[in-house]
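Undergrad: Could you work out the structure for the sequence below:
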Amino acid sequence: MELTAVVGLGVVAVALVVLLRQYRPEYALMASVVCSVLIFSAVLSWLTPALSEIAGLFASLSVGQEQVEILFKSLGICFITQIACDSCRDAGESAVASKIELAGKFALVVLALPLFREILQIALTFMSL
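TA: This next block holds a predicted model:
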């Protein structure tokens, strides 16, 4: 899907959501979520070649596979959390969106714990010299 198609889909979806919100607010939220998922899937199809290139760069730099996996998983957590929060805010549920953001932040911290351990070991090695 080209960028113009994504932009067109977004504009049509916004017009539809505004129209539906007046008559059927429950359908407006669903239309917004469906549009978000469609746009996100289009963006993911664009990212596939870029992610392959990034993985190749990391492989040439002799970075461990675990670090690359953590990077890609953290990107996924960020994207999913952002979409969920935006959908909640569109529905008028800012409190739920805040809790989802908090959960996403905790998930990133837990995911990054192995990296923190490696950094701590490196720092302790340098301090013992």
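
Undergrad: residues near residue 97, how many?
TA: Residue 97 has 19 neighbouring residues, counting by other Cβ atoms under 10 Å. C-beta coordinates here come from the backbone N, C-alpha and C atoms, glycine included.

Undergrad: no wait, residue 112
TA: Around residue 112 there are 15 residues (other Cβ under 10 Å).

Undergrad: okay, the most centrally placed residue in the chain: pLDDT?
TA: The residue lying closest to the centre of the chain (Cα atoms, centre = their mean) is residue 79, at 0.7 Å. Note on residue 79: pLDDT of 87.

Undergrad: Distance from the helix or strand hosting residue 122 to the middle of the chain?
TA: Element membership of residue 122, judged by DSSP states H and E, is helix 94-128. Remark: helix 94-128 is offset 17 Å from the chain centroid, using Cα atoms, centre = their mean, to the nearest Å.

Undergrad: mind listing what's buried in it?
TA: 97, 100, 104, 107, 111 (16 or more other Cβ atoms under 10 Å).

Undergrad: Stretch 54-61 too?
TA: Going by 16+ other Cβ under 10 Å, stretch 54-61 has these buried residues: 55, 58.

Undergrad: likewise stretch 60-79?
TA: With burial defined by 16+ other Cβ under 10 Å, the residues of stretch 60-79 counted as buried are 68, 70-71, 74, 77.

Undergrad: In the residues you listed, find the pair that's most separated.
TA: Farthest-apart pair in these is 68 and 77; separation 15.1 Å (Cβ to Cβ).

Undergrad: Run through the chain and note the low-pLDDT ranges.
TA: Where the chain drops to pLDDT under 70, the residues are 1, 129.

Undergrad: again, 80 this time
TA: 1, 51, 54-55, 58-59, 61-65, 91, 129 (pLDDT under 80).

Undergrad: For it, which segments count as helices?
TA: 3-23, 25-60, 65-90, 94-128 (DSSP state H).
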